[in-house]
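S.K.: from the sequence below, what's the structure:
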Amino acid sequence: MNWKIKNLLALVLMCYSFQGVAQQTLSLQNIIDEALKANFDIAIVANDLKAADNLATKGQAGYYPSVNLNGNANYSLNNTTLTFAGGIPDAEVDGAQNTSLRANIGFNYVVFDGFGRVNSYQNLIATKTLNEVQSKVVAENLVLECVDLYLGIQQNLLNLNAAKENLIISEDRLKRVSIGQKNGARSKLDVLSAKLDLKNDSLAIANLENVIVKQKGSLNILMSEDPGSVINVSEQIDVPQLGNIFEIENQALANSSSLALAQVSQTIATNQARIIEGNRMPSIVANGGYGYTTAQNGAGIVLSQNNLGFNAGLTFTMPIFNGNQLTTALKNAELNRQSSEIELQKAELTIKNQLFAAEEDSKLLSLSISTQQENVNLASQALKQAQANYNNGQIIFNDLRVAQLNLLVAQNRLNEVRIDYVRLYYTVSRLSGGLLN
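M.R.: Next up is the predicted model:
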């Protein structure tokens, strides 16, 4: 076997392998897993979460002292006149040079600040938790977007299949009408109408294919892939069953992201009110340092001075009056805390209402699925009977077309209500906090 044949076989095997990968059918879970791993928004919120984690430390809350290395140098050149008491002769010095050097290591530590740093630390922890919940919300939004696009593709694929079956019927009708015209049994108008319907049915297929291509492109973007990458989606719609709404409600009140956001917001508002309240209390700050100072004086009694040693002190501050700014801040902080409590109550009631509505929608959609399935069966039987009657000349062309469209509408409606039920399932999963499980 020469090298050309070997290369040709290798190329064929590569093409076959690529085709196998390209034709791989991705499940919804495959799409979700890949999106959660590669999506750009997920990467951004991951960085935000790391930043919040970096800030949630006692050092950021002011628990630790600050230590600084300080130094300065000064130089001056002056004409100086000195007048002394006690009979010491006056002195006049032109071009007196003064220099000073200072270097020390100093510290500053807040001994007490009205429990401000305690509440600040709690706020940093709460802010970190807030970022965690927000990152969960972003992930849930991504999952729901994946679900929506995936189910939309599935629905349009099923609609496409129905449209193709409808096209086959239209092609067969045109064929029969054309033969009938040649035999004198059909008019030219029948042929023109059949051709018009065939073109419309072909255009409907092209429109669906266009929508599917764009939906797959959007799904690729969620996975940070090129929009033109090949995605094959299963046309099988697995319709899950909703669990017991009472049990789901208990899970939702414990795990819902929207409820968690309201709870964390309430915690932050409470901590913020405590921080402002702490400003009414005194603060005590300790400071000190160890360093060396030298000064050279070109005019004066003391011509040079050197110091080496330690110094320390305490500063006590007690707020008495600041134009009612603190009082106003406290009032607004309390109002903000009250609003956060109201938001929490609203979130709980909203979840209950959404689950109540979901239960009612579940009943209606379950009924609609069974009803639409019966409608598809009836429409299919009606079309078969209409085709037979049309071929026998018992009904006119418009009657056959109505039967044909009735089946198409019934099939599309069945696909739609099944998809709606699946969407409802994932919406309820989000409410219960289990969407990412």
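
S.K.: return stretch 113-125 as PDB; C-alpha atoms alone will do.
M.R.: Coordinates of each C-alpha in stretch 113-125 appear next as PDB, following Å, rounded to 0.1, in the frame of the first residue of the first chain:
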ATOM      1  CA  ASP A 113     -15.500  52.100  68.100                       C
ATOM      2  CA  GLY A 114     -19.000  51.400  69.300                       C
ATOM      3  CA  PHE A 115     -18.900  47.800  68.000                       C
ATOM      4  CA  GLY A 116     -18.600  49.300  64.500                       C
ATOM      5  CA  ARG A 117     -16.000  46.800  63.300                       C
ATOM      6  CA  VAL A 118     -18.100  43.900  64.700                       C
ATOM      7  CA  ASN A 119     -21.100  44.900  62.600                       C
ATOM      8  CA  SER A 120     -18.800  45.800  59.700                       C
ATOM      9  CA  TYR A 121     -17.400  42.300  59.700                       C
ATOM     10  CA  GLN A 122     -20.900  40.800  59.800                       C
ATOM     11  CA  ASN A 123     -21.800  43.000  56.900                       C
ATOM     12  CA  LEU A 124     -18.800  41.700  54.900                       C
ATOM     13  CA  ILE A 125     -19.900  38.100  55.600                       C
END
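
S.K.: got the buried residues for it?
M.R.: 113-114, 116-125 (16 or more other Cβ atoms under 10 Å). Every C-beta, even on glycine, is put in place using the N, C-alpha and C of the backbone.

S.K.: swap in stretch 132-145?
M.R.: 132-140, 142-145.

S.K.: same check, this time on stretch 226-236
M.R.: Neighbour-count burial for stretch 226-236 flags 231, 233 (criterion: 16+ other Cβ under 10 Å).

S.K.: state the mean pLDDT of it.
M.R.: Across stretch 226-236, pLDDT averages out at 87.

S.K.: measure that stretch end to end?
M.R.: From its first residue to its last, stretch 226-236 covers 25 Å (Cα to Cα, to the nearest Å).

S.K.: what sits up against it?
M.R.: Outside stretch 226-236, the residues that touch it by Cβ atoms under 8 Å, 6 or more residues apart in numbering are 22-27, 150, 153-154, 157-158, 161, 216-221.

S.K.: how near is the nearest residue to Asn391 once chain neighbours are set aside to Ala85?
M.R.: In this structure, Asn391 finds its nearest non-sequential neighbour in Arg176, 6.8 Å apart by Cβ to Cβ, 6 or more residues apart in numbering. From Arg176 across to Ala85, the span is 132 Å (Cβ to Cβ, to the nearest Å).

S.K.: what helices or strands is the host helix or strand of Arg401 leaning on?
M.R.: Element membership of Arg401 [criterion: DSSP states H and E] is helix 397-431. With contacts taken as 3 or more Cβ pairs under 8 Å, 6 or more residues apart in numbering; DSSP states H and E, helix 397-431 sits against helix 116-182, helix 188-222, helix 245-255, helix 325-391.

S.K.: the second one relative to helix 116-182, how many degrees between them?
M.R.: Translated: helix 188-222. Angle between the axes of helix 188-222 and helix 116-182 is 160 degrees (criterion: axes from the mean of the first three to the mean of the last three Cα atoms, to 10 degrees).

S.K.: helix 188-222 packs against which elements?
M.R.: helix 28-38, helix 116-182, helix 397-431.

S.K.: and Val147, how many residues sit next to it?
M.R.: 21 (other Cβ atoms under 10 Å).

S.K.: number the chain from 51, please
M.R.: Got it, the first residue is 51 from now on, which makes the last one we talked about Val197.

S.K.: list the residues that contact the closest residue to it other than its chain neighbours.
M.R.: In space, and not counting its chain neighbours, Val197 is closest to Tyr476: 4.9 Å by Cβ to Cβ, 6+ apart. Residues counted as contacts of Tyr476 (Cβ under 8 Å, 6+ apart) are 193-194, 197, 485.

S.K.: among those, which two are most distant?
M.R.: Val197 and Leu485 (8.9 Å; Cβ to Cβ).

S.K.: report the central residue of this structure.
M.R.: The centroid of the chain falls nearest to Val188 when counting by Cα atoms, centre = their mean (2.0 Å).

S.K.: about what we covered before: PyMOL command for the buried members of the contacts of stretch 276-286?
M.R.: Per 16+ other Cβ under 10 Å, the buried members of the contacts of stretch 276-286 correspond to this PyMOL selection:
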select buried, resi 76+200+203+204+207+208+266+267+269+270+271
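
S.K.: output the contacting helices and strands for the lengthiest strand in the chain.
M.R.: For the chain, the strand that runs over the most residues, judged by DSSP state E, is strand 141-162. Judged by 3+ Cβ pairs under 8 Å, 6+ apart, strand 141-162 is in contact with strand 116-132, strand 333-347.

S.K.: next, the angle from the first one to strand 141-162.
M.R.: This points to strand 116-132. 160 degrees.

S.K.: buried residues in strand 116-132?
M.R.: Thr130.

S.K.: what's in contact with it?
M.R.: Here strand 116-132 has contacts from 140-159, 339, 341, 348-350, using Cβ under 8 Å, 6+ apart.

S.K.: show the buried residues in those residues.
M.R.: The neighbour-count test (16+ other Cβ under 10 Å) marks 146, 148, 154, 156, 339, 341, 349 as buried among the contacts of strand 116-132.

S.K.: so the second one sits right up against Val352, yeah?
M.R.: No - between Asn148 and Val352 there is no contact under Cβ atoms under 8 Å: 11.3 Å.

S.K.: quick one: low-confidence parts of the stretch 201-350 of the chain?
M.R.: Applying pLDDT under 70 to the stretch 201-350 of the chain flags residues 350.

S.K.: again, only using 80
M.R.: For the stretch 201-350 of the chain, applying pLDDT under 80 flags the ranges 234-236, 285, 287-289, 291-296, 348-350.

S.K.: the stretch 51-200 of the chain now?
M.R.: 51-74, 132-138, 140-141.

S.K.: 50 instead, please
M.R.: 51-72 (pLDDT under 50).

S.K.: before we move on, the earlier item: for the residue nearest to the centre of the chain, give me its contacts.
M.R.: Residues near Val188 by Cβ under 8 Å, 6+ apart: 91-92, 95.

S.K.: much appreciated, bye for now.
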